[in-house]
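*Asks:* Sharing a model prediction with you, sequence too.
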Amino acid sequence: MNVLIIATENCNHRPLVEERLKKMNIPYEVRFIDKHPELVKKFDVSSSPNIIVDEEVIFRGDCGQPLPTEGELKALFSKK
């Protein structure tokens with residue numbers, strides 16, 4: 001399973017997502033929007049953070065939308 005977080009460098013939600021993934025022992029990579037415009041285009045990124053699993057967006061951060069809980073992440077990853 002290939003997990004990617006695409007976020008802005010100053011996104012204050014990204015560290016929370018990383019913490020949850022680490023707690024679940026899920027390896028991931030972080031790519032920053034300003035350094036990877038090709039990923040922004042490929043995954044139609046317009047907010048931060050975004051979680052991509054095996055080339056599929058499973059979460060898009062949005063104002064007012066809460067981050068997925070550890071339980072919600074487990075459910076999302078169990079579908080993969």
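*Replies:* Perfect, I can see it now. From a predicted model like this one, the values you see are computed outputs, not experimental measurements.
*Asks:* How is the spatially most central residue of the chain classified with respect to secondary structure?
*Replies:* Central residue of the chain (Cα atoms, centre = their mean): Ile51, 2.2 Å from the mean position. Recorded secondary structure, Ile51: strand (DSSP: H, G, I helix; E, B strand; the rest coil).
*Asks:* Please look at it and Leu4 and confirm they touch.
*Replies:* Yes: using Cβ atoms under 8 Å, Ile51 is in contact with Leu4, at 7.5 Å. Placement of C-beta: from N, CA and C, glycine included.
*Asks:* which SSE is Phe77 in?
*Replies:* Here Phe77, judged by DSSP states H and E, is contained in helix 70-78.
*Asks:* From the chain's centre, how far out is that helix? Work that out for me.
*Replies:* The chain centroid and the centroid of helix 70-78 are separated by 13 Å, computed with Cα atoms, centre = their mean, to the nearest Å.
*Asks:* Next: stretch 42-53.
*Replies:* Offset of stretch 42-53 from its chain centre (Cα atoms, centre = their mean): 7 Å.
*Asks:* Okay, buried residues for it please.
*Replies:* 43, 45, 47-53 (16 or more other Cβ atoms under 10 Å).
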